[in-house]
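Visitor: okay, here's the prediction I keep looking at, along with the sequence it came from:
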Amino acid sequence: MTAPEGMYGVALKPKLLRSLLREYVPDEKHPFSNPSELSYIVSTVKTHKLLSEWSPQPMEQESVEAWKSTVDSWVKRLLTLTSSTLPDKCWAGICLLGLTCQECSSERFIASYAEWLDKLLSHVQPSVVSHFVKAASCAALSDMFTRLSGFSNAKKDATSHAMKVIQPALKLLNEDSSALVLEEAVCLLCTMINFFPSTVHRHYDSVETAIVSKIVSGKCSAGVLKKLGYGLSSLPKSRGDEDSWCLMMDKILLYINSQLNDALQGLEEEAKNTQTLRALLPSGKEPPPPLSGLVESERASDLSTRRPERLLGSRISTLMQCCCDMLTSSYPVMVSVPVCGLIALAGRVLMVDGSSSLSSYSFLTTLKQEFVCSEIPILQLRSLEILTAVVKALSSQLLPHVAGIVQLLNEYFRRCKFPDLKIKAYSIVKVLLMSMGTGIAIHISQDIISNVFIDLDIIGGEKDGKNSGTHSEVPTKLLTESRQKKRKHSIIARSSQEEPAHNSLEVGTLHKSTPISVKIAALEALESLLTSAGAMRSESWRGNVDNLLITVATNAFKGGWSKEERKKFLSDDSTPIWQDFQLAALRALLASLLSPGRVRPSHLALGLQLFRRGMQEAGTKLGEYCGHALLALEVLIHPRALPLLDLASIGSNEFKDVIHTVYQDGGPRGNGPAEPESEDDDLNENWLGKDDDRELEIKDSKRQREIADYNNTETPSLDELTPVKVSAASTSRVPERIERMVESPHFGNAEVEKVDSFVIDDVAMVENSKTAVKSDVISEEIAELGSTSDTKNVFDRMLERVNVSYGSEDETIPDIVDGDPDDDSHSDNEG
C-alpha cells in the first residue's frame, strides 16, 4: 500500500473538485443560499488547477480516468444550472462556465466550446429579465473568445461563431440597460475588435453610432463612459487602415472643439476658437462628416437639453480620453498624428481659468460660470493627458513641435494652482527630458529649475531656520524669471540674509501648504534633468541644484527615517506619504552625485553619510535603495582603472598570444603596422611582477649631461662614454631625467614622492620586433670606433649598426614618454 500523496498529488485534485460540487455548487434540488461562496470556488479551482487534467509527473491510468470523470460531472452540473429558470442559479452556472473556459484543458475546450456558446448566447437576448444574467453571459463570452483566439487551427470556425455575437451585443447597447450590462457589452465588443476584427467590419457604422449615442446621452456612469471611450478608440482596428484611424481622430477633435465653443463662451478670447479650428482643419483640407453620422441639427437640439456641467463631464472628458487611448494603443499600420490640432486643442483648455471678461459679461450667467468652473479641472487633466500621450507616442519625432509644448507648459505652471494638475505637468516635463534628450534639456533647464525651487520651498522652508543661509545663496534670476510671485521670493531671500532666523519662519509659513505629492513630482523632474543634461552647459545652475538636493535630503530625514506604514482603511494606496518623499529625495540626490561634472561633487561626503545611515533601515524601501546607491557610488569612493583582461586567470603564453594578435592587427606605437614588439618586453610580467624588476639601473649619469650639452658642440672624450646597463624588463623608451611630484597611493596627498627618471641616448634603448638592444651592443660599438673627436660621427655610425626603425622616415629621435609606456596619451604633452 503506497503512502497517500500530499497537496501536490494528482489523486487529490478530483477529490477536491468532487468536494466543491457536493458542498458549494448548487443543483436543481438545493438552493443557492450564499452567493459569496462563489468566490471561494473560483479561488480553489484556480489555485489547485482542478480543471486542467494535466500534471508534470506521469499519471496512472486510474487517476486519469477519475479526474476526467469528475470534470465531466462538473461540466454537466454547470450546463444544468445555466438552463435553470431561477436567476440566481442561472447566474452561478454562467459564472462558473466562464471559469471553465479559462481553466479547462485545451482538448476539452476545443471539443465543447460550440455547445457552451449556444448556451451563453441564449442569455444575451434582450428578452432576458435579469441584468445579472446578461452581464455574466457577456463576461463569459469574452473569456471564451479570448482563449479561442489562441488556437490558430480553429481560427476559421471561431470567426464564424464570433459573427453571432455582434448583433446581440449591439442590441444591449441600444436598449436602456443597466450600467453593469452596458459595461460588459462594450467589453465583449472590444474583445471582438481586438481578436476577430473582421466580424465588426461590416457593422462599423452601427457600432460607432451605438457607442457615441451613449457617450453624448449623459446618462452613463464614469466607469461605463471609460469603457465606451475605449471601445470607440479601438473601433478603427476593425478596418486596420490609416484612413479609418485619421478619420476617427479628426471627427472626435472637431466634435470636442464644437462643444467647447458653447461651454467656454465668455470665458476665453474670441480668437481662440478660430485659431484652434485653423489648426484642426488646415487650408485645403475637407472637413470630415459629423461623428457617428448624426446631422448637426440633431446634435444641437440634444445639446440644448443638457446642462453645462453634464456636457463637460460626460462628453468632452470622455472623448479626450478616447484620443489618449488612440495615441497610446497599438495599431496595425503607421498613421499620421495631427500634432498641431492636438496641441492647439489642449492649449485652448489649459489657458482657461474661469474668469470672464467685461465684453462677455452680458451673456454669461453666474450659474453657467459656476458650472463650467466646476468641470475645468477635469478637462485640464484630460488635456495634460493628451500632451503626455503625444510626447510618448512620437518621442523624438516631436522635435518640430517641442517649442510650442514647452511654451504652453511654462504658461500653465504660472497659472496652475491645483496639486494634481501640477503633478501631471511635471510628468510631461519628465517624459520630454527622457525622450528628447540633452538638446531639449539645455533649453528648458532654467524654466524647470525656477518652478522646482518654488515648489520645494527652497526659500526658508525650514522651521528651525538653520538652512536659511544656504537657501539665500540661490541666484535671484532663478526666482524672478517667470512671475511676480518669484520676485517676491527673491526679496524675502535678500532679507533673510540680514535676519535669517526670523524671516525663515515667516516664509516657511507661506510655503507650508505645498503638498508632498507636488514636492515628489518636482524632485523627479530634477532627477530627469540631471540624468539627461547634468553635464551639458550646466555651469549656471548645477551648483545651486546640487546644494538644493543635499539640503532637501538632509532636512527630509531630520525627523527620522519613516517606516512603511499606510492607512489600511484607505482605498487609494497610491496616496503619497512622507516615506515616498524621502525616497524621492534620495533618488534625486543620487542622480546629483552620479551626474558627470567638471569637479568632484562637493556634497559627496554628506551624501555617503546619508546613504550609509539609510542602510541600517533593513527591510524597508529606503534601506534597499540606500544599498543600491552605495553600490553605484563605489566608482566615486574608490576610483580606479581596471585592466581590460583578467590577467590572473590567463597564463603567460596565452596572454602573449593575445598581445601579439592585437599588434598584428594595428601595430604598436613606434613599430611597423605588422611588427610585434620585442619578446623581452613582456607586459604581463611587468604588470604582475614586483616593482624591483621594472626599475632602471644606470651607473653613470655623466653620460646624460654630455648628451644634453651636445647641441653646444662640446666634444667629449671617448673615455667618458661608458657603457650603460639596462635591465631586461626595461621598456623600449626611457624618459628624460625630470623631477615630478607623485601622490602616494597609500597616504593620499599627505606624502609626496620625488621620482627621478633618466633617459639615455635612444640608440641604447630602442627595441625592434625581434631583438632588444642591450648594454653590450653600445660597449662593442665604442670599442670599434677608437679615439675620435667627432662625436656626431660616433652616434651616426652607431645608429647605422643598430638599424633602428622609429615608425616613420622623418622621425629621428623618438618621443619622450613619461609614465606608462603603453599609454600614448602623455606623449604629445610631455615631448
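Guide: Cool, the structure landed.

Visitor: measure how buried R147 is and give me the count.
Guide: The burial count assigned to R147 is 18, neighbours taken as other Cβ atoms under 10 Å. Just so you know, the C-beta spots here come from the backbone N, C-alpha and C atoms, and that holds for glycine as well.

Visitor: please name the residues that touch it.
Guide: Going by Cβ atoms under 8 Å, 6 or more residues apart in numbering, R147 touches C101, Q102, F109.

Visitor: now those as CSV including distance to L235?
Guide: Compiled in CSV, these are given as follows (distance: Cβ to Cβ, whole Å):
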residue, distance to L235
C101, 25
Q102, 26
F109, 29
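
Visitor: grab the nearest non-local neighbour of R18.
Guide: Spatial nearest neighbour of R18, excluding adjacent residues (Cβ to Cβ, 6 or more residues apart in numbering): T70 at 5.5 Å.

Visitor: so that neighbour, which of the three states?
Guide: For T70, the secondary structure call by DSSP: H, G, I helix; E, B strand; the rest coil comes out as helix.

Visitor: and it, what pLDDT?
Guide: pLDDT, T70: 95.

Visitor: swap in R22?
Guide: In the prediction, the pLDDT value recorded for R22 is 91.

Visitor: quick one: it is in a helix?
Guide: Yes - assessed with three-state DSSP, R22 lies in a helix.

Visitor: and for it, the neighbour number?
Guide: Applying the criterion other Cβ under 10 Å, we find 9 residues in the vicinity of R22.

Visitor: and P643, how many neighbours?
Guide: Number of residues near P643 (other Cβ under 10 Å) recorded here: 8.

Visitor: if you rank the contacts of R147 by neighbours, which is first?
Guide: Going through the contacts of R147 with other Cβ under 10 Å as the criterion, the one with the most neighbours is C101, at 24 neighbours.

Visitor: what is the helix or strand where it lies packed up against?
Guide: C101 belongs to helix 87-103 when elements are defined using DSSP states H and E. When contacts are defined as 3 or more Cβ pairs under 8 Å, 6 or more residues apart in numbering; DSSP states H and E, helix 87-103 packs onto helix 37-48, helix 61-82, helix 106-121, helix 131-148.

Visitor: looking at the ones you listed, which is nearest to I386?
Guide: Taking Cβ to Cβ as the criterion, I386 comes closest to helix 131-148 out of these, the separation being 28.8 Å.

Visitor: picking that back up, which one of the contacts of R147 is nearest to I193?
Guide: When the contacts of R147 are compared for distance to I193 (Cβ to Cβ), C101 comes out closest, at 19.5 Å.

Visitor: so where's the stretch 101-250 of the chain shaky on pLDDT?
Guide: Low-confidence segments of the stretch 101-250 of the chain, defined by pLDDT under 70: none present.

Visitor: once you drop chain neighbours, what's closest to I166?
Guide: If the residues on either side of it in the chain are set aside, I166 comes closest to H203, at 5.3 Å by Cβ to Cβ, 6+ apart.

Visitor: let me see the contact set for the residue lying closest to S244 once chain neighbours are set aside.
Guide: Using Cβ to Cβ, 6+ apart and skipping the chain neighbours, the partner closest in space to S244 is P236 (4.1 Å). Under the criterion of Cβ under 8 Å, 6+ apart, the contact partners of P236 comprise S244, W245, L247, M248, M326, Y331.

Visitor: how about A535?
Guide: Counting by Cβ under 8 Å, 6+ apart, A535 makes contact with S595, P596, G597.

Visitor: got TSV for those, with distance to L173 and secondary structure too?
Guide: Compiled in TSV, those are given as follows (distance: Cβ to Cβ, whole Å; DSSP: H, G, I helix; E, B strand; the rest coil):
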residue	distance to L173	secondary structure
S595	54	coil
P596	57	coil
G597	60	coil
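
Visitor: buried subset of those?
Guide: S595, G597 (16 or more other Cβ atoms under 10 Å).

Visitor: now, which of the contacts of A535 sits nearest E385?
Guide: Checking those against E385 by Cβ to Cβ gives S595 as the nearest, at 29.8 Å.

Visitor: quick check, pLDDT for that closest one.
Guide: Listed pLDDT for S595 reads 88.

Visitor: on the pLDDT front, check the closest residue to it other than its chain neighbours for me.
Guide: In space, not counting the residues next to it along the chain, S595 is nearest to G534; the distance is 2.9 Å by Cβ to Cβ, 6+ apart. For G534, the model assigns a pLDDT of 75.

Visitor: save the contacts of A535 as a markdown table, and put in distance to I376 too.
Guide: Compiled in a markdown table, these are given as follows (distance: Cβ to Cβ, whole Å):
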| residue | distance to I376 |
| --- | --- |
| S595 | 38 |
| P596 | 43 |
| G597 | 43 |
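
Visitor: on that earlier part again, what's the neighbour count on the residue nearest to R18?
Guide: Other residues near T70 number 20, with proximity taken as other Cβ under 10 Å.

Visitor: ok, now the one 5 residues further on?
Guide: By the criterion of other Cβ under 10 Å, V75 has 18 neighbours.

Visitor: does it touch E115 like I think?
Guide: No - checked against Cβ atoms under 8 Å, the pair V75 and E115 is beyond contact range at 9.4 Å.

Visitor: any idea how far V42 lies from G9?
Guide: With distances defined as Cβ to Cβ, to the nearest Å, the gap from V42 to G9 amounts to 22 Å.

Visitor: if you count surrounding residues, which of those two has more?
Guide: V42 (16 against 13).

Visitor: quick check: closest non-adjacent residue to that one.
Guide: Skipping the residues right next to it in sequence, V42 comes nearest to L99 by Cβ to Cβ, 6+ apart, at 5.7 Å.
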